[in-house]
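> Sequence first, then the predicted structure:
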Amino acid sequence: MSAPVGMSNYVRRLREKIGNDFMFMPSVTALIRDEDGRILLVQHVEGRWQLPGGAIDPGERPAAAMQRECLEEAGITVEPIRIAGVYGGPEYTITYANGDEAGWVVTVFEARIGAGDPSASDDETQAVGWFRPDEIEALELAPSTRETLQCLLVGRDFH
C-alpha cells in the first residue's frame, strides 16, 4: 500500500493496521479572503481545488492545525479570526487514488494572512490561486469544498 502525499505519521501508523478501510477524522480548513473578496484555494495533486486544510494531529489544537496546514500547503502564516462553521456528512467522504477511504468533520476558520505570499509549498499542493466566488463554480472542487462554500457564501442551510 502506498501512502498518499501529506499523510501524517499518526495516520500512516493507523493505515498500517487498517489498510484502506474507512477512517473518520477531525479536520480543519481556512477561509481566507483578500482585499478584493477573492478566496484562496489550493489545488491538490489529484487535481481538485479546495480550501487549505487537513487533519488535526492527536493533541493538536484545531486553530494550530489550521495554521500548520496553511503553512504546509500555501507557505503562509495565518491568524484565525473566528470559526465560520463545522461541517460533515456524505460530501465529506473520499476515496483517494491509492484506495484509502476517509470521512471528515471539518471546522472552518475564517483567517487572514499574517505573512508570506501564497504558493504551492508541499508534496500535496500543485497550485495556489485567488478566486472570486463567481469563478469558483467552474473549478474542479472536492465535493466537501463545494458543500462548504455553498453553505458559507450562499447561505444555504445545513442538510
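Thanks, I have it.

> any low-confidence regions in this protein?
1-6, 155-159 (pLDDT under 70).

> Next up, the contacts around the most centrally placed residue in the chain.
Residue closest to the average C-alpha location in the chain (CA atoms, centre = their mean): Gly53, at 3.1 Å. Applying CB atoms under 8 Å, 6 or more residues apart in numbering, we find Gly53 in contact with Ser27, Val28, Thr29, Ala30, Met66, Glu69, Cys70, Glu73, Val106. C-beta: built from backbone N, CA, C; applies to glycine.

> Out of these, which is nearest to Gly116?
Nearest to Gly116 out of those is Cys70 (CB to CB; 8.9 Å).

> tell me the SS of the closest residue in space to the residue nearest to the centre of the chain that isn't next to it in sequence?
Distances taken as CB to CB, 6 or more residues apart in numbering put Thr29 closest to Gly53, at 3.0 Å, once the chain neighbours are dropped. Secondary structure for Thr29, judged by DSSP: H, G, I helix; E, B strand; the rest coil, is strand.

> what's around Thr29, how many residues?
26 (other CB atoms under 10 Å).

> just checking, next helix/strand downstream of the lengthiest strand in the chain?
As assigned by DSSP state E, the longest strand anywhere in the chain is strand 101-115. Next helix or strand after strand 101-115 toward the C-terminus (DSSP states H and E): strand 125-131.

> what residues does that next one touch?
Contact with strand 125-131 is made by 34, 36, 38-45, 49, 73-75, 118-120, 139, as judged by CB under 8 Å, 6+ apart.

> Just the buried ones from these?
Buried residues within these, defined by neighbour count using 16 or more other CB atoms under 10 Å: 38-45, 49, 73-75, 118, 120.

> And the helices in the chain?
9-18, 62-74, 133-136, 143-149 (DSSP state H).

> by contact count, what packs against the last one?
This points to helix 143-149. strand 49-50, strand 77-87, strand 101-115 (3 or more CB pairs under 8 Å, 6 or more residues apart in numbering; DSSP states H and E).
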